[in-house]
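Enquirer: sequence and predicted structure below; questions after.
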Amino acid sequence: MSVAAELHDRVVRHGAVRNRYLERFRRGEIGEQEFDRFAVQFFAFVKNFPRILATLLANTPEDAAADELATILVSELGDGDPKRRHEYLYHRFLRSIGIDPQEAARRSWLPSTKAYIEGLAELYGSRDYARALGASFGLEHMAIPMWDQLIPGLERLREKRASLAAMDLFYWTFHRDLEQGHEDAMVRALDGMKPKEEASLERGCLAALDLLEGFWLGLDRPVPLAEPVF
């Protein structure tokens, strides 16, 4: 089995994509306050991911790997159409559920969200390039199993909750359609990695997944009555 195949197998079995929160979400068993918190905390990741990925791209020494990462970053930024930036597509989602994007951007981050975003930034900017690339591999390869739980849950919530009847799911379905290409790009980015770098690849991959699992665990905690809004 190739290094990429072994890492992929680790990804799809990890708690980052196999956890109680995502299982509840897939079944549509998310309360109103929980859903509001999910939408805002996930936005923190959406807003910050391009600059995190750009750091990895800037530190990538191999042209072929840089080409693959640039493809993913350009996709995040709309493939030449600024109006299709993924952040703007997420704005559409937020507005459709009654949340102003500027207001959402001012909301407080949960400690687990802060740990996730700042941890990813540290991993992607690591001076150990194999560790940084492993983190990116983990994040891109967890995406399909994640979308395949979030999208059915969003559809169920839209069906059963009148306040969400106008929910715009394009950000989610559009992103899901891109993910196989992102997975393939990361497999190609690993081409040429030396056997001595495999341990760092694995450490980076698992570290990113641990951060993501922590993000979901943070969302799975009860919403306090006095959770800060701004």
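Expert: Arrived safely, thanks for sending. What you see is a predicted model; the values in this text were computed from it and never measured.

Enquirer: when you work out contacts or count neighbours from here on, use the C-alpha atoms and nothing else.
Expert: Noted.

Enquirer: do a quick rundown of the strands in the chain.
Expert: Assigned by DSSP state E, the chain shows no strands.

Enquirer: helices and strands around the longest helix along it, which ones?
Expert: Longest helix of the chain, by residue count under DSSP state H: helix 32-59. Counting contacts by 3 or more CA pairs under 8 Å, 6 or more residues apart in numbering; DSSP states H and E, helix 32-59 packs against helix 63-76, helix 86-96, helix 101-106, helix 111-124, helix 129-141, helix 198-220.

Enquirer: mean confidence for that helix?
Expert: In this model, helix 32-59 has a mean pLDDT of 94.

Enquirer: residue ranges in this protein under the pLDDT threshold?
Expert: Counting by pLDDT under 70, the chain shows low-confidence ranges at 1, 224-230.

Enquirer: how close does Leu69 get to Glu183?
Expert: Using CA to CA, to the nearest Å, Leu69 is found at 11 Å from Glu183.

Enquirer: of those two, which one has the most company?
Expert: For Leu69 versus Glu183, neighbours defined as other CA atoms under 10 Å are more numerous around Leu69 (25 against 22).

Enquirer: surely the more buried one touches Leu57?
Expert: Yes - counting by CA atoms under 8 Å, Leu69 touches Leu57, with 6.1 Å between them.

Enquirer: one step back: which of the residues in the longest helix of the chain are buried?
Expert: For helix 32-59, a neighbour-count test (16 or more other CA atoms under 10 Å) marks 34-46, 49-50, 52-57, 59 as buried.
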